[in-house]
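[1] Have a look at this prediction, sequence included:
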Amino acid sequence: MRAPIVPVTRLALERSIQAEIVMNLRLRHWYVTEFAKPGTHRALRGSVPAGFPDLLCLRPRRDGGAQVLFIEVKRPGQEPTAAQLEAHQALRDAGASVIVATSWEEVHAMLPVTGALR
């Protein structure tokens, strides 16, 4: 049985979009870490490199390894910054999958493309 998709029903703020994505991934047995961002009250100065994606998601693969997926969460109409694009490319060069998403539906649709189990 598939876990239900739980939608965001209020104005799509980045934090509410991120909460929806995290909740739905965890319902599908993904391990998800949310990184505190520089400039927020949760962050210690220098703890997260500039441009680093919002979410680190891990899930076992069928071959015994693990799928590593980074997600940059954006509000609709927003684009990643230059620092974010640079960080995303560095992670891709290291073999990780990185996606930019504005909703859970976008993440869900991209999971097969990244090679992740659904």
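    The structure has been received and is ready for your questions.

[2] Which strands or helices does the lengthiest strand in the chain pack on?
    Longest strand of the chain, by residue count under DSSP state E: strand 66-73. Where contact means 3 or more C-beta pairs under 8 Å, 6 or more residues apart in numbering; DSSP states H and E, strand 66-73 is packed against helix 14-27, strand 55-60, helix 82-93, strand 97-101, helix 104-114. The C-beta positions use only the backbone N, C-alpha and C, and glycine is treated the same way.

[3] Can I get it in PDB, CA atoms only?
    The C-alpha coordinates for strand 66-73 follow below in PDB (Å, rounded to 0.1, in the frame of the first residue of the first chain):
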ATOM      1  CA  ALA A  66      22.400   3.800  -0.600                       C
ATOM      2  CA  GLN A  67      20.800   6.400  -2.700                       C
ATOM      3  CA  VAL A  68      22.000   9.900  -1.800                       C
ATOM      4  CA  LEU A  69      19.700  12.700  -2.800                       C
ATOM      5  CA  PHE A  70      20.100  16.400  -2.100                       C
ATOM      6  CA  ILE A  71      17.000  18.600  -2.500                       C
ATOM      7  CA  GLU A  72      17.000  22.400  -2.800                       C
ATOM      8  CA  VAL A  73      13.600  23.700  -1.900                       C
END
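
[4] Quick one: closest of the helices and strands packed on strand 66-73 to V73.
    helix 14-27 (4.4 Å; C-beta to C-beta).

[5] Nearest to the spatial middle of the chain, which residue is it?
    I71 (2.3 Å; C-alpha atoms, centre = their mean).

[6] From H108, how far out is that one?
    Distance, I71 to H108, using C-beta to C-beta, to the nearest Å: 12 Å.
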